[in-house]
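>>> A structural model of the following input is requested.
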Amino acid sequence: YSLMGDPNASIPTTEPIMYRPMFGAIGSAKYSTSFTFTSKLAIEKGLEKKISTKKKLVPVKNCRKIGKKDMVHNNLTPKIEIDPETYEVKVDGKIATVKAADKLALARLYSLY
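As a prediction, this is how the structure comes out:
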């Protein structure tokens, strides 16, 4: 199952708001389009037969030292401070602010079909 909808608003179902069976759920596709990650040792010891899965088991590797620095687009670790009395949030010493939106274009109000 997957969320069904069209994010570019070219059809009435503009947002993914309903779970529906998709191509990956038909027949044996769900087994051939997904993996179960486990340790190499578990695979060597016959885990696939013990749990009788139709999914392909794939060993994980080189993941013991993966951390935030390895994330390509999300590798920052700023210092975040929150004043419990004023709820003022600082990121690396700078006050984090977001201007309130006056209008929300194509929000749920416009999805009334």
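>>> contacts and neighbour counts: CA atoms only from here.
Fine.
>>> Please report how far Lys68 lies from Asp92.
With distances taken as C-alpha to C-alpha, to the nearest Å, Lys68 is found 17 Å from Asp92.
>>> Repeat that for Lys99.
Taking C-alpha to C-alpha, one finds Lys99 at 19 Å from Asp92.
>>> Which of the two has more residues huddled nearby?
Set Lys99 next to Asp92 and count neighbours by other C-alpha atoms under 10 Å: Asp92 wins out with 12 against 5.
>>> quick one: contacts for the more buried one?
Applying C-alpha atoms under 8 Å, 6 or more residues apart in numbering to Asp92 gives the contacts Pro78, Lys79, Ile80.
>>> any idea how far it lies from Thr77?
9 Å.
>>> Let me have stretch 50-58 in CSV, keeping just the CA atoms, if that works.
In CSV, the C-alpha atoms belonging to stretch 50-58 read as follows (Å, rounded to 0.1, in the frame of the first residue of the first chain):
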residue,chain,number,x,y,z
LYS,A,50,14.0,-20.1,9.8
ILE,A,51,11.6,-17.2,9.2
SER,A,52,10.3,-18.5,5.9
THR,A,53,10.3,-15.2,4.1
LYS,A,54,9.9,-14.6,0.4
LYS,A,55,11.8,-11.4,0.5
LYS,A,56,15.5,-11.4,-0.3
LEU,A,57,17.8,-11.0,2.7
VAL,A,58,20.6,-8.6,2.2
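>>> Next, the buried residues of it.
The neighbour-count check on stretch 50-58 (16 or more other C-alpha atoms under 10 Å) flags Lys55, Leu57 as buried.
>>> tell me how far that stretch is from the chain's mean position?
When distances are taken as C-alpha atoms, centre = their mean, to the nearest Å, stretch 50-58 is centred 23 Å away from the chain's centroid.
>>> any weak-confidence spans in the protein?
Across the chain, the ranges flagged by pLDDT under 70 are 4-17, 108-113.
>>> For it, which segments are assigned as strands?
Along the chain, counting by DSSP state E, strands occupy 2-4, 18-20, 35-38, 56-59, 80-82, 89-91, 94-95.
>>> So what are the sheet partners of the last one and their directions?
The strands beside strand 94-95 in its sheet (DSSP bridges) come out as strand 89-91 (antiparallel).
>>> For the partner strand, give me every contacting residue.
Pro78, Lys79, Ile80, Glu81, Ile82, Asp83, Ile95, Ala96, Thr97.
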